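Asks: make a model of this:
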Amino acid sequence: MLWGIVAGVFLLIFLCLGRRLLCSKIKSGTVFSTGKHGNTKEEEDEEDDDFGLLQYSEKVQGGSPLICKSSALATYLLDTCPAFSETTGSGWSQIIWAHLHTILNLFFPVETEIEIARDHLQLLDQGIVSLDWVVGPHPPSKSRRATNIFPSPPILLIIPNSFGRITRNVQQLCSLAMEQGYYPVIFNRRGHNRCPLTTLKLQEFGDPSDLQAAISYIRFRHPSSKIFAVSESSGSGLLLSYMGEWGSSTYVTGAVCISPIFRCQEWFESRMLWFYRWTILLYQKFCHSRYATVLGDIIYTERLFHSSSLWEFEELLFCHTKRKAVSWQSYWERNEPLRDVDEVAVPVLCICSKDDPIRGNVDSTLPLELFKTNPYLFLWLTKHGGHCGFISQDSTIWSHRATLQFFKSVTEFFRMEERRLSGPRRSSVLLYRQRRGTLQKRERAYSSINIFNWQRSYTR
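Replies: Residues are numbered from 1 along each chain as shown. Sure, this is the predicted structure:
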């Protein structure tokens, strides 16, 4: 009954959004006439301009552009990732359905929920984060495909959005990863997703210290497995912060950000569509209400739960507290995800769509210059897909296929480079391999002393 009411409300809102978008198209005088290549007039104009990226990106025939600096790795990715050649649909229906893609993957449940085994990891300040190891449902033996390029099952670390919700998008990625031989694990921040809040400290938006402790713990438990990381939506801010701050010292082999938010301070200050704004805000209030009493010692909870914007909520949570007061600007100086992006030293793929209704306008929200100059950053920019949607015609998520293909191609490329290069000579794309001796020393140090405390529980 409850889900029927929720679905009805979503359908009503979607119809209203569709009507508004249609009216705006008609009023602007746009005519959807088919051009000589089967594209609409609007698409031909878009291809002529294409945001001035043609000189910096390699176009995939019939597919989406991979925007990056020219390199051997970029060429190899285009040759070995079939998902980069898939078309993303076109027409006015795709523009309207971007909202449906977003609503379906962020708010609707999956048909079969994943089964997890949870590790509670106690940190140095006695705070707790949790790691949810996905243990089921097990895929059929015929559908499970072993990855021959990995000597042991690789770890797929998934970072959900910064609000802690485990979405349909995340659960479907876990299921697909298990089918392809990965061992998925979901990172939960302090107080998120029923993770206990044991200290009067919440994790700031771009503070990677807790994530680093979790990755070190994963490496400690699985020293022979490669670690890949995937982040969703605003959770990409934490992953990008970690990749920049730790640079070549990270244990992560490759990373993918699905519908990331890059300029986060501007995103908090902007006014997105009211439906998404209030949905995210109400969900945050609901989650934090569980700790209202204890948080009242450090936060003005009455003002927090009466806030009317994401900006105000974040500011009251971390800036205007009872213990200290810091300016909004200084808060983002230490939490902006791109503050150390020049230090990223492993391949990172960002999957974005031009019609993302949550991120905002492409010109003001995508730092295209970074992808033109940094050989480790790749942007797959599609015309359609919404926010964390990317639903193909066969109802599968093609961003998930692209993610796993990217990890496989990156691993194969570095393996070929290692075989090609001999002696002390090393290619610039193998910088992160030079730290192997250092990492092995760290692993031996970790094995000699128990620096982690954890407790496992099984749940759905």
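Asks: switch to C-alpha atoms for all contacts and neighbour counts from now on
Replies: OK.
Asks: so what's residue 83 closest to, chain neighbours aside?
Replies: Nearest residue to residue 83 in three dimensions, chain neighbours excluded: residue 402, at 5.2 Å (Cα to Cα, 6 or more residues apart in numbering).
Asks: next, the one you found: secondary structure please.
Replies: Secondary structure, DSSP: H, G, I helix; E, B strand; the rest coil: residue 402 is helix.
Asks: again with the one 5 residues further on
Replies: Per three-state DSSP, the local secondary structure of residue 407 is helix.
Asks: give me the neighbour count for the residue nearest to residue 83.
Replies: 20 (other Cα atoms under 10 Å).
Asks: so it makes contact with residue 80?
Replies: No. Residue 402 lies out of contact with residue 80 (Cα atoms under 8 Å); the separation is 10.6 Å.
Asks: list the contacts for the residue nearest to residue 83?
Replies: 81-84 (Cα atoms under 8 Å, 6 or more residues apart in numbering).
Asks: just the strands from the stretch 301-450 of the chain, written as ranges.
Replies: Applying DSSP state E, counting those that start in this stretch to the stretch 301-450 of the chain gives strands spanning 348-353, 377-382.
Asks: by contact count, what packs against the last one?
Replies: By that I understand strand 377-382. If you count contacts as 3 or more Cα pairs under 8 Å, 6 or more residues apart in numbering; DSSP states H and E, strand 377-382 packs onto strand 66-67, strand 348-353, helix 368-373.
Asks: any low-confidence regions in this protein?
Replies: Scanning the chain for pLDDT under 70 picks out the ranges 1-64, 87-96, 139-149, 422-460.
Asks: surely residue 186 is within a strand?
Replies: Yes. According to three-state DSSP, residue 186 belongs to a strand.
Asks: surely it touches residue 158?
Replies: Yes. Between residue 186 and residue 158 there is a contact under Cα under 8 Å: 4.8 Å.
Asks: hmm, residue 241 is touching residue 206, no?
Replies: Yes. Using Cα under 8 Å, residue 241 is in contact with residue 206, at 5.8 Å.
Asks: what ranges does the stretch 301-450 of the chain have for its helices?
Replies: Secondary structure of the stretch 301-450 of the chain by DSSP state H, counting those that start in this stretch: the helices cover 301-305, 310-318, 328-333, 362-365, 368-373, 398-420, 436-447.
Asks: how about the ones you listed, which one is nearest residue 269?
Replies: Nearest to residue 269 among the helices of the stretch 301-450 of the chain is helix 310-318; the distance by Cα to Cα comes to 5.6 Å.
Asks: next, the residues that contact that closest one from outside, please.
Replies: Against helix 310-318 from outside (Cα under 8 Å, 6+ apart): 204, 268-269, 277, 281, 299-300, 303-305, 307, 328, 331.
Asks: need phi/psi at residue 385.
Replies: The phi and psi torsions at residue 385 (degrees, to the nearest 10) take the values phi 150, psi -10.
Asks: how close does residue 210 get to residue 168?
Replies: According to Cα to Cα, to the nearest Å, residue 210 and residue 168 sit 25 Å apart.
Asks: run a quick neighbour tally on residue 357.
Replies: Residue 357 has 18 neighbours, counted by other Cα under 10 Å.
Asks: now swap in residue 126 and tell me
Replies: Neighbours of residue 126 (other Cα under 10 Å): 12.
Asks: which SS state does the nearest residue to residue 374 once chain neighbours are set aside fall under?
Replies: Leaving out its chain neighbours, the residue that sits closest to residue 374 by Cα to Cα, 6+ apart is residue 69, at 6.5 Å. What three-state DSSP gives for residue 69 is coil.
Asks: hang on, the earlier thing: compare the helices of the stretch 301-450 of the chain and give me the one nearest residue 136.
Replies: Of the helices of the stretch 301-450 of the chain, the one closest to residue 136 (Cα to Cα) turns out to be helix 398-420, at 18.3 Å.
Asks: give the buried residues for the closest one.
Replies: Going by neighbour count (16 or more other Cα atoms under 10 Å), the buried part of helix 398-420 is 398-414.
Asks: what's the local residue count around the residue nearest to residue 374?
Replies: Neighbours of residue 69 (other Cα under 10 Å): 21.
Asks: that one reaches residue 372, doesn't it?
Replies: Yes. Applying Cα under 8 Å as the test, residue 69 and residue 372 come out as touching, 4.8 Å apart.
Asks: quick check: domain ranges of the protein?
Replies: Following automatic domain parsing, one finds the domains of the chain at 48-263+340-460, 264-335.
Asks: and the end-to-end length of the last one?
Replies: Domain 264-335 has an end-to-end distance of 9 Å (criterion: Cα to Cα).
Asks: centre of the chain to that domain, how far?
Replies: 21 Å (Cα atoms, centre = their mean, to the nearest Å).
Asks: adjust the sequence numbering to begin at 22 for everything that follows.
Replies: Sure thing, new numbering starts at 22, so read that last one as domain 285-356.
Asks: quick one: the helices in the stretch 172-321 of the chain, in order.
Replies: 189-200, 230-242, 257-267, 285-290, 295-310, 313-316.
Asks: and the contacts of the shortest one?
Replies: In this structure, residues lying in contact with helix 313-316 by Cα under 8 Å, 6+ apart are 221, 322.
Asks: buried residues in that helix?
Replies: 313, 316.
Asks: swap in stretch 326-341?
Replies: 326, 328, 330-341.
Asks: between these, which sits nearest residue 306?
Replies: residue 326 (6.1 Å).
Asks: from residue 198, how far out is that closest one?
Replies: 38 Å.
Asks: same deal with residue 440?
Replies: 28 Å.
Asks: just residue 118 next, same as before
Replies: 26 Å.
Asks: these two touch, right, residue 375 and residue 401?
Replies: No. Residue 375 is beyond contact range of residue 401, at 10.4 Å (criterion: Cα under 8 Å).
Asks: doesn't residue 150 belong to a strand?
Replies: Yes. With three-state DSSP as the criterion, residue 150 is located in a strand.
Asks: could you report the neighbour count for it?
Replies: With other Cα under 10 Å as criterion, residue 150 counts 26.
Asks: show the contacting residues for it.
Replies: Residue 150 neighbours (Cα under 8 Å, 6+ apart): 141-144, 208-212, 216-217, 231, 235.
Asks: and those residues, which is closest to residue 358?
Replies: Using Cα to Cα, residue 231 comes nearest to residue 358 of the contacts of residue 150, at 15.2 Å.
Asks: number of nearby residues for that closest one?
Replies: 23.
Asks: ditto for residue 413
Replies: 15.
Asks: that one contacts residue 419, doesn't it?
Replies: Yes. At 6.2 Å, residue 413 counts as touching residue 419 under the criterion of Cα under 8 Å.
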